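Q: Everything below, folded, please.
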Amino acid sequence: MLKVKDVIEKGDTGLVRGLSLQIIAVMNSISPNVLVDFSDLNIDVTGNQINPFVQPAAKESLRLALKQRGTKLVVNSVYRTVAQQYLLRKQFERKLFGITAAALPGSSNHESGLALDIEDPDGWERFFQPHNWIRLGRDFDFPHYDYRLPAATRRNLGKIGISAFQRLWNQYNPNDLIVEDGSFGPQTEARLANSPVDGFKLKFPRTLRLQSPPLQGDDVTKVQEALLRAKITQINLQVTGIFDSETEQAVKQFQAATQKLAVDGIVGPMTLQELGLEND
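A: Next up, the predicted model:
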């Protein structure tokens, strides 16, 4: 299994694409719609290193600028996850690939969801500027634009991104928990370095819930067996491999008993972890 630390000297932040998408998904679970996908706009997002996500207000301003100019925008860098920023920082520290500067993970403006590096920055300037996209600097970062969100509505996405990785790590490593504080300290850095570039793989590849037709399979059987081991006695639960209403009620009773989980009857990573099945 290829880990993040194994690709530092390969010079391609797109190699951590799978992990990056998981981090973004967890960010949006921590703070719904903190990042939104803009790949539905007239924008070229070619390349695994490009995550087509910005904050909602920034997407709307891009839509207006694109409508005004009427041509495709080509972007070279947009939202950068903490995993990608870690790679860049390590490459900078090792003096690789001519990188002359790279912020510490959590502190880059590319982790804000309000930054773009684009082609034809001069041509776009008169269309971007009226919509609050400001060039960072002509001399030292020629293609870079920042969206100026009002201070009252700005959020520290760098901190949220680190918290998202910490939560993601804890979900898949219940025996090696770290503090979810949004700070990029030595413990978080060590875990990120040892994380799989393709993302963490579910032992249970799907979320289990009551639906029609009902879900069936070995994963349902394992959950039912674990619920019986947990002595959910109020429900006449049978091990059938079918996620029926009795299974849903047993899940809800188990979730309530833990006093840690949302009581929704849905078996996702956190419920699997409490059932002792995440690393089965």
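Q: List the contacts of the closest residue to D12 other than its chain neighbours.
A: Of all residues not flanking D12 in the chain, Q49 sits nearest, at 6.6 Å (CB to CB, 6 or more residues apart in numbering). Where C-beta positions appear, they are placed from N, C-alpha and C, glycine not excepted. Q49 is in contact with D12, T13, G14, R17, S77, Q84, counting by CB atoms under 8 Å, 6 or more residues apart in numbering.
Q: Report the two of those separated the most.
A: R17 and S77 (13.9 Å; CB to CB).
Q: more neighbours, the two?
A: Legend: neighbour count by other CB atoms under 10 Å for R17 and S77, higher for R17 (21 against 18).
Q: Do a quick rundown of the strands in this structure.
A: 36-37, 43-44, 53-54, 73-77, 115-118, 133-137, 141-147 (DSSP state E).
Q: Any chance of those in JSON lines with distance to S107 as columns?
A: What follows is the strands of the chain, written out as JSON lines (distance: least, CB to CB, whole Å):
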{"stretch": "strand 36-37", "distance to S107": "23"}
{"stretch": "strand 43-44", "distance to S107": "26"}
{"stretch": "strand 53-54", "distance to S107": "18"}
{"stretch": "strand 73-77", "distance to S107": "16"}
{"stretch": "strand 115-118", "distance to S107": "12"}
{"stretch": "strand 133-137", "distance to S107": "15"}
{"stretch": "strand 141-147", "distance to S107": "14"}
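Q: now these as JSON lines including distance to G182 and mean pLDDT?
A: Shown next, in JSON lines, are the strands of the chain (distance: least, CB to CB, whole Å; pLDDT from 0 to 100):
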{"stretch": "strand 36-37", "distance to G182": "21", "mean pLDDT": "94"}
{"stretch": "strand 43-44", "distance to G182": "29", "mean pLDDT": "96"}
{"stretch": "strand 53-54", "distance to G182": "19", "mean pLDDT": "96"}
{"stretch": "strand 73-77", "distance to G182": "23", "mean pLDDT": "96"}
{"stretch": "strand 115-118", "distance to G182": "19", "mean pLDDT": "95"}
{"stretch": "strand 133-137", "distance to G182": "24", "mean pLDDT": "86"}
{"stretch": "strand 141-147", "distance to G182": "22", "mean pLDDT": "87"}
